[in-house]
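Visitor: From the sequence below, what's the structure:
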Amino acid sequence: MIVALDVGERRIGVAVSDPSERFALPLSTLERSTLHDDLAAIAAIASEYGATTLVIGDPITLAGERGPAARKMDAFCAALAKAFGGTIERVDERLTTAQATRSLLSAGASRGARRRVVDRLAAALILEAFLARRRRAESSS
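Guide: Numbers count the residues shown, from 1 in each chain. Sure thing, here's the model as predicted:
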């Protein structure tokens, strides 16, 4: 199984793959606390789902550059690598939250409902991008 994370300043969206690692399923949203507690919560979810890979959204700027947010994510991923024994992959997360928000708006979700689920939907989009990239790589080899 694979767990994906959309790490924000206040919340962390979590998604998981199905056992065949073909589909992305929104799972939950973690409220940010301390770095130690955030890492412990992520490690617990990974353990619960038997995940050997974590996919983290990489906040590249719209211009394709690594700005301050990407550097903060580099530090977060370095700390996460110490708390998680598996593989950590990074996926460009540009516009995933905007896409998730648009989907929720078109579904008529209230502002409160959007706030509760947008991060986990963004994590599912990040995971879908990773799975699609992996399928392309497998088919070309």
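
Visitor: And whatever helix or strand Leu127 lives in, what's buried?
Guide: Here Leu127 is covered by helix 111-140, with elements defined by DSSP states H and E. Neighbour-count burial for helix 111-140, counted by 16 or more other CB atoms under 10 Å, picks out 114, 117-131. Backbone N, C-alpha and C define where each C-beta goes, glycine included.

Visitor: Could you grab the helix/strand/coil label for the residue minimising distance to the centre of the chain?
Guide: By CA atoms, centre = their mean, the chain has its centre lying nearest to Leu5, at 2.2 Å. Secondary structure, DSSP: H, G, I helix; E, B strand; the rest coil: Leu5 is strand.

Visitor: any idea how far the helix or strand containing Ala75 is from the chain center?
Guide: Per DSSP H and E, Ala75 falls inside helix 68-83. Distance of helix 68-83 from its chain centroid, counting by CA atoms, centre = their mean, to the nearest Å, is 13 Å.

Visitor: got the buried residues for stretch 60-70?
Guide: For stretch 60-70, by 16+ other CB under 10 Å, it's Ile60, Ala69, Ala70.

Visitor: For Ala24, see how far away the last one is.
Guide: Ala70 is 22 Å from Ala24, where distance means CB to CB, to the nearest Å.

Visitor: which regions of the protein sit below the pLDDT cut-off?
Guide: 95-102, 104-105, 107, 109-110, 112-116, 141 (pLDDT under 70).

Visitor: change it to 80
Guide: In the predicted model of the chain, residues 61, 94-118, 141 satisfy pLDDT under 80.

Visitor: Check for me that Leu54 belongs to a helix.
Guide: No - Leu54 sits outside any helix when classified using three-state DSSP, being strand.

Visitor: That one bridge partners, please.
Guide: Val3, Ile88 (DSSP bridges).

Visitor: Based on its surroundings, how many neighbours for it?
Guide: The tally of other residues near Leu54 (other CB atoms under 10 Å) stands at 22.

Visitor: That one against Val91, yeah?
Guide: No - taking CB atoms under 8 Å as the definition, Leu54 is not a contact partner of Val91, at 10.8 Å.

Visitor: Mutual contacts of these two, please.
Guide: Common neighbours of Leu54 and Val91, using CB atoms under 8 Å, 6 or more residues apart in numbering, are Ala4.
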